[in-house]
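J.: Structure for this input, please:
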Amino acid sequence: MTQKTQPKRRKKIKLTLSSVILLVGLVVFLVPTCIFGWFLYQSSAKTGDALFGNRFSNDLNPAITSTQISGLKDALKATANVENVEISLKAATLRVSIDAPDPLVAADLSALSLAVANVVKATLPIETYFTATDVKKMYDLEINVYNLKDGKDKPGYVYFILVKNANMATWTVQEVSKAVNQALADELRAEMAAETLTSFMPTQTMKVSVEG
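T.: Now for the predicted structure:
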């Protein structure tokens, strides 16, 4: 008689409580580690790539073109009492700087700032380019008019600034070369001058001789 061989029984793996806790701990550790590693890989793979964006997306429409700026500059050069014109367009602000003849006084420069604003208005209508709506931002306008380009501290220096932000109903004009409160300004200047004089005074040292 042939004796039948019985198949070997596989040993069942018994998981102890400590083994279960260890496996759960490994899973909890590996899942966030793998996710973090994936994000780290994605970031390193894109290192050096330029990010393009426009914080004025859907705004500044219509846009001010270089052709319009060139035409505006020519028109301002033909305006009376304008010696030099500089125009820049940065960060959604059209900035116009006008150097006027030195002998002009405050009344002349005040009138000139309004004349320059009207020239800008004729080339770039205020309602179209410098007025925002509920859904669209537009340009700000700043006009600087002065008579002494490098004479900030000289007698007769006059400086006016006309400002029209896109959210303003109309523009405002201010003489920035003249203090709003002259008495307070003079007091502050005197205090600053006194502090400067004190800081530059030589320190006196006492010499003590010791006889021995």
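J.: In terms of helix, strand or coil, where does residue 141 fall?
T.: strand (DSSP: H, G, I helix; E, B strand; the rest coil).
J.: which residues touch it?
T.: Residue 141 is in contact with 93-94, 96, 117, 120, 126, 130, 162-165, 171, counting by C-beta atoms under 8 Å, 6 or more residues apart in numbering. (C-beta placed from N, C-alpha, C; glycine too.)
J.: That one pairs with what?
T.: residue 94, residue 164 (DSSP bridges).
J.: Renumber starting at 54 from here on
T.: Okay, residue one is now 54; in that scheme the one you just asked about reads as residue 194.
J.: Filter the contacts of residue 194 down to just the buried residues.
T.: Using 16 or more other C-beta atoms under 10 Å as the burial test, the contacts of residue 194 include 147, 149, 170, 173, 179, 183, 215, 217-218, 224 as buried.
J.: Would you mark the buried spots in stretch 220-228?
T.: Quick answer for stretch 220-228 (16+ other C-beta under 10 Å): 224, 228.
J.: first to last residue in it, what's the distance?
T.: 22 Å (C-alpha to C-alpha, to the nearest Å).
J.: and if you look at stretch 184-192?
T.: End-to-end distance (C-alpha to C-alpha), stretch 184-192: 7 Å.
J.: show me what contacts the residue nearest to residue 190 when sequence neighbours are not counted?
T.: In this structure, residue 190 finds its nearest non-sequential neighbour in residue 112, 4.0 Å apart by C-beta to C-beta, 6 or more residues apart in numbering. Residue 112 sits next to 145, 189-191 when contact means C-beta under 8 Å, 6+ apart.
J.: Need the contacts of residue 194 in a markdown table (columns: distance to residue 159).
T.: Shown next, in a markdown table, are the contacts of residue 194 (distance: C-beta to C-beta, whole Å):
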| residue | distance to residue 159 |
| --- | --- |
| 146 | 25 |
| 147 | 24 |
| 149 | 19 |
| 170 | 17 |
| 173 | 21 |
| 179 | 25 |
| 183 | 25 |
| 215 | 14 |
| 216 | 18 |
| 217 | 21 |
| 218 | 24 |
| 224 | 18 |
